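Trainee: please work out how this folds:
(one chain, ligands or ions: 2)
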Amino acid sequence: MSADALLEMLEMDEIYSEAARVLLEHPPFIVLTGAGMSVESGLPPFRGPGGIWERFDPEEYGHIDTFRKDPERAWVLLGEMLSGTLSFSPNEGHRVIARLEEKGLAGPVVTQNIDGYHGIAGSRDVLEIHGNIRNIICPSCGRTEYISSRLPDDWSVKCSCGSYRRPDIVLFGEPLKEGAISRAWEAASSGMDMLIVGTSGIVMPASQLPFLVRASGGSIVEINPHDSTFSNTISDVFIRERAVKGLTMLEGFLEDRSHGSPRGFK
Ligand code: NAD
Ligand code: ZN
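Mentor: Ligands and ions are numbered 1, 2, ... in the order given. A predicted model of the protein is given here:
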């Protein structure tokens, strides 16, 4: 190993050690996740090169008015999102978060993702503020269906009552999921700390939650391979890493520290 590589490794150890120290001060900590959480499952973010918004104008295809006026058109986008989600599965990072909750260290998990991966990975207290694309609802008769794996061959976007069904996600022009966002808001205002993974911090109002945590006296640890709205402003510890590696490493440091043998050099 070169001297530079060794130095970098030691610096990263310091960062993980500090992150573990901060997060173990008064557990449990809130987890906030965004599209980056599922990138290593195979699901790309919507924004940026190759993202779905390059091909579909979100305000057109993803708007509630489009679903009302021309549901087949809205389903071009919704169908692609649904089949994308069903093609992949949770990654090790989702499982790390579920284990941290099981141990009483983490929770609730507030997510902007609509893929349902946190729940499938075993997280129990998941606040899906944009809904879950696997829940299909009929706005006319109220029938619901949960899609767990692949779509049955005879599956239709139309309900047996004749109306168009839709996924229970928040479309443009619709309010967020009230129950989920109010609990997330309450947790963020309570003085709890927060671990943020894979969100750019552009999409409101989820992007305000970390600022609320900060204003309420909580600390913030962030994992993202790139800078975000939070990294140079309010994150106390910024781990510049992809979700799976960052979370796996952090889990190791949290375990060592909670068993009284902190890694690192502090
Ligand atoms: P975003 O697209 O604005 O940002 C994605 C973030 O992920 C970026 O900061 C990027 O640096 C980071 N990232 C990229 N690769 C990563 C990796 N391997 N590990 C960790 N982080 C990584 O996403 P957003 O802020 O969550 O907002 C996008 C909106 O689109 C959300 O509202 C969400 O509902 C929706 N969305 C959901 C999914 C999903 O359900 N999986 C996927 C795409 C978009
Ligand atoms: Zn119906």
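Trainee: interface residues of the stretch 1-150 of the chain facing ligand 2?
Mentor: Within the stretch 1-150 of the chain, the residues that sit near ligand 2 (Cβ under 5 Å from the ion) are 138, 140-141, 143. Using the backbone N, CA and C atoms, a C-beta is placed for each residue, glycine as well.
Trainee: try it again at 8 Å.
Mentor: Residues of the stretch 1-150 of the chain lying close to ligand 2 by Cβ under 8 Å from the ion are 138-143.
Trainee: farthest pair within those residues?
Mentor: The span of these, defined through Cβ to Cβ, is set by 139 and 143 at 10.1 Å.
Trainee: now the common contact residues for these two.
Mentor: Listed as contacting both residue 139 and residue 143 by Cβ atoms under 8 Å, 6 or more residues apart in numbering are residue 165.
Trainee: next, work out how far apart the most centrally placed residue in the chain and ligand 2 are.
Mentor: Using Cα atoms, centre = their mean, the residue of the chain that lies closest to the mean C-alpha position is residue 33, 2.8 Å off. In this view, residue 33 and ligand 2 are 32 Å apart by Cβ to the ion, to the nearest Å.
Trainee: now the helices for the stretch 101-250 of the chain?
Mentor: For the stretch 101-250 of the chain, applying DSSP state H, counting those that start in this stretch gives helices covering 117-121, 178-188, 209-215, 243-258.
Trainee: now for those, which one comes closest to residue 198?
Mentor: Taking Cβ to Cβ, helix 243-258 is the member of the helices of the stretch 101-250 of the chain nearest to residue 198, at 5.1 Å.
Trainee: run through who's touching the closest one.
Mentor: So helix 243-258 is contacted by 12, 16-17, 19-21, 23-24, 36-37, 39-40, 91-93, 96-97, 99-100, 103, 105, 195, 197-198, 221, 223, 239, 241, 262-264 (Cβ under 8 Å, 6+ apart).
Trainee: filter those residues down to the buried ones and hand me the PyMOL line.
Mentor: A single PyMOL command suffices to select whichever of those are buried according to 16 or more other Cβ atoms under 10 Å:
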select buried, resi 12+16+17+19+20+21+23+24+36+37+39+40+91+92+93+96+97+99+100+105+195+197+198+221+223+239+241+263+264
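Trainee: how far off centre is the lowest-mean-pLDDT helix or strand in the chain?
Mentor: Lowest by mean pLDDT, DSSP states H and E among the helices and strands of the chain is helix 58-61, with a mean of 84. Taking Cα atoms, centre = their mean, to the nearest Å, one finds the center of helix 58-61 at 22 Å from the center of the full chain.
Trainee: buried set for the next helix-or-strand element following that helix?
Mentor: Going down the chain from helix 58-61, the next helix or strand is helix 64-69, by DSSP states H and E. Using 16+ other Cβ under 10 Å as the test for burial, helix 64-69 gives 66-67.
Trainee: contacts for the helix or strand that helix 64-69 is followed by, please.
Mentor: Downstream of helix 64-69, the next assigned helix or strand under DSSP H and E is helix 71-87. Here helix 71-87 makes contact (Cβ under 8 Å, 6+ apart) with 42-43, 52, 56, 61-63, 66-67, 114-116, 133-134, 147, 149-151, 157, 164, 166-167, 171.
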